[in-house]
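K.L.:
Got a predicted structure here, sequence first:
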Amino acid sequence: MKNTFFHNLIEQYKDKLASQIVDIVKQTSAIKEFNQKELNSKIIDLLNNTIKTKSLTESKYVTILLSDLRGFTAMAENYSPSSIIELLNRYLTTMNEIIITQYGGTIDKFMGDSVMVLFGAPESKSDDIERALNCALDMQMAMDKINDTNKAMGLPNLFMGIGINSGKVIAGKIGSELHSEYTVIGDEVNLASRISAYSMRGQILISNNVFNETKAFIETGEPKDVFVKGKKSPVRIFELLAVKKPVLRFVPRREARKNPRVEVEMPFIYQKLSGKTILPENYKGTILNISYNGMLAIIEGPIDTFSEIKFPFIMTGSDIYAKILKISEVGGQYKANLEFTSIQPDAREAIKGFIGRIIQGS
């Protein structure tokens, strides 16, 4: 896998490095007995010396893109490790090509199925934020090809959520002599992660900072004020719908958000998730209405908006993952609107058939 820090560093200093490497090659070639090891050693020393000039921490203004697959946890439970690794590698290969080759982003780290990307570190450019938005758009468009391959291999569709924020961070090498890496830290990085957690299937959410810098060449949905961990006051986020620079392009819609919805009274047992960990406690609920992509349910006790639950669908036994979009207390009961974030093909077909039969019967 390409080390993006070295890649960007070499790009930044390529002219200077190229001339120095040429000098090294000339000097080495002048020796009667050419020594490949000596040449390699000198070039490595040159790169190390260049890296040392970038080892100090510094304050930088960057744009942070954080993507996360929706439904990957469920896949890991239901498919073989080899299938999961193959899918993840295929997904990351596609994303790396878009991020690095097409848009010059720096991959800061992989966190399972999440990818954190920097625009503006280690090197800042005038179009960092524009490249970040277009990169996110292409990443969402690439999911069509990935899902076509999944379908041919008998795997379910995957959906990606993306959060983007910009602001000042501390950038530099962090670690020890045994291991260190170039990364960024700070409140703006944390906010990017929180915004990403709010994103649904196929969505790109941007912070108020990003909106204010780019509103002249983007289209967004209505702003939403949400509470995030670490912030006393709500933060404003926007769903990115289109980017007009350098050309007008629209964020693809993965599925119609409005589907047939039927009223039911169906008990279910669910578990809460903390991050990607499924908590052991079981809770009882009642589904009041259901559509292809979500449901309204009465659940036990309060639960944070945008947290996730897991439950087996009664008709097939297959697990469904759902995210809380809205929750309210009515008459001592907690009523929650949920959107499915991961659903097995058999459960999806069962829900469609169930809804179809109710609609035809009515």
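P.N.:
That came in fine, so what should we check first? Residues are numbered from 1 along each chain as shown.
K.L.:
For the stretch 201-350 of the chain, which segments count as strands?
P.N.:
204-207, 218-220, 224-226, 235-243, 249-250, 261-274, 277-278, 283-291, 294-299, 308-312, 319-330, 333-343 (DSSP state E, counting those that start in this stretch).
K.L.:
any idea of the mean pLDDT in the first one?
P.N.:
Mean pLDDT, computed over strand 204-207, is 96.
K.L.:
shaky segments in the protein?
P.N.:
For the chain, residues meeting the criterion pLDDT under 70 lie at 1-56, 71, 74, 254-260, 359-362.
K.L.:
thinking again about what came up before, right, and the strands of the stretch 201-350 of the chain - which one's nearest Ala171?
P.N.:
Closest to Ala171 of the strands of the stretch 201-350 of the chain is strand 204-207 (C-beta to C-beta; 18.6 Å). Every C-beta, even on glycine, is put in place using the N, C-alpha and C of the backbone.
K.L.:
can you list contacts of the closest one?
P.N.:
133, 136-137, 140, 161-166, 191-192, 195-196, 198-199, 214, 218, 220, 235-240, 251 (C-beta atoms under 8 Å, 6 or more residues apart in numbering).
K.L.:
From Ser328, how far off is the residue nearest to Pro345 when sequence neighbours are not counted?
P.N.:
Spatially, and ignoring its direct neighbours in sequence, Pro345 is nearest to Pro156 (5.7 Å; C-beta to C-beta, 6 or more residues apart in numbering). Pro156 sits 31 Å away from Ser328, going by C-beta to C-beta, to the nearest Å.
K.L.:
between these two, which one's more packed in?
P.N.:
Using other C-beta atoms under 10 Å as the criterion, Pro156 and Ser328 rank with Pro156 on top: 20 against 10.
K.L.:
Name whatever forms a beta bridge with Gly175.
P.N.:
Counting by DSSP bridges, Gly175 is bridged to Ser180.
K.L.:
As CSV, could you dump the C-alpha coordinates of stretch 285-297?
P.N.:
Only the C-alpha atoms of stretch 285-297 are listed here, as CSV (Å, rounded to 0.1, in the frame of the first residue of the first chain):
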residue,chain,number,x,y,z
GLY,A,285,-40.4,-2.6,21.3
THR,A,286,-43.4,-2.5,19.0
ILE,A,287,-43.2,-1.5,15.3
LEU,A,288,-46.1,0.8,14.5
ASN,A,289,-45.4,1.3,10.8
ILE,A,290,-42.8,0.1,8.4
SER,A,291,-41.5,1.0,4.9
TYR,A,292,-38.7,-0.5,2.7
ASN,A,293,-36.1,1.6,4.4
GLY,A,294,-37.3,2.3,7.9
MET,A,295,-40.0,2.2,10.5
LEU,A,296,-41.7,4.0,13.4
ALA,A,297,-41.6,2.1,16.7
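K.L.:
Outside of it itself, which residues are in contact with it?
P.N.:
With C-beta under 8 Å, 6+ apart, stretch 285-297 has contacts from 255, 257, 259-270, 298-300, 311, 322, 325, 335-340, 348, 351-352, 354-355.
K.L.:
which of those count as buried?
P.N.:
Among these, the ones that count as buried by 16 or more other C-beta atoms under 10 Å are 261-262, 264, 266, 268, 270, 298-299, 311, 322, 335-340, 348, 351, 354-355.
K.L.:
I am assuming Phe159 contacts Gly202, so please confirm or correct that.
P.N.:
Yes - the pair Phe159 / Gly202 is scored as a contact, 5.6 Å apart, by C-beta atoms under 8 Å.
K.L.:
Specify which residue of those two has the higher count of neighbours.
P.N.:
Set side by side, Phe159 and Gly202 show more neighbours around Phe159, with 22 against 17, by other C-beta under 10 Å.
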